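> need a structure here:
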Amino acid sequence: MGWIAWIVVGLIAGLLAKMAMPGTRDEPGGWIGTALLGIVGAVVGGWTSSLLFNSGGANGINIPSIFIAFIGSCIVIGLLRLFSRNANTN
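The predicted structure is shown next:
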């Protein structure tokens, strides 16, 4: 998948993940952060789906790729919140 497709899929997946898992106002992000979150989520989701289902992962601008990237983005958001919560308690 080309880098423009990664950005488009990442932005869509990041927006969907932030809508599904709304945070607080003090969470950083913006459009660039959301796109980066989605791109990292696409990588995490693609890697996870290739391990679990032996599939190609996120491989274009299509519904399955966006879904895989969305799941990966939700995982990344959950991990970020888990680690940031632990960092704030120490």
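> strands of this structure, start to end?
Under the criterion DSSP state E, strands are not mapped anywhere in the chain.
> show me where it has helices.
Secondary structure of the chain (DSSP state H): helices located at 3-20, 30-53, 63-89.
> Arg81 versus the spatially most central residue of the chain, what's the distance?
Relative to the mean C-alpha position of the chain, the nearest C-alpha, by Cα atoms, centre = their mean, is the one of Ser73, at 2.0 Å. Distance, Ser73 to Arg81, by Cβ to Cβ, to the nearest Å: 13 Å. Quick note: C-beta positions are derived from backbone N, CA and C, even for glycine.
> my guess is Ile12 contacts Gly38, does it?
Yes. Contact between Ile12 and Gly38 holds when scored by Cβ atoms under 8 Å: they sit 6.8 Å apart.
> these two - which one has more neighbours?
Set side by side, Ile12 and Gly38 show more neighbours around Gly38, with 30 against 20, by other Cβ atoms under 10 Å.
> need the phi and psi values for Met21.
In this entry, Met21 is assigned phi and psi values of phi -130, psi 70 (degrees, to the nearest 10).
> quickly note the distance from the closest residue to it other than its chain neighbours to Val43.
Leaving aside its sequence neighbours, Met21 sits nearest to Ile77 (Cβ to Cβ, 6 or more residues apart in numbering; 5.0 Å). Relative to Val43, Ile77 is positioned 14 Å away (Cβ to Cβ).
> that concludes my questions; thank you for your assistance.
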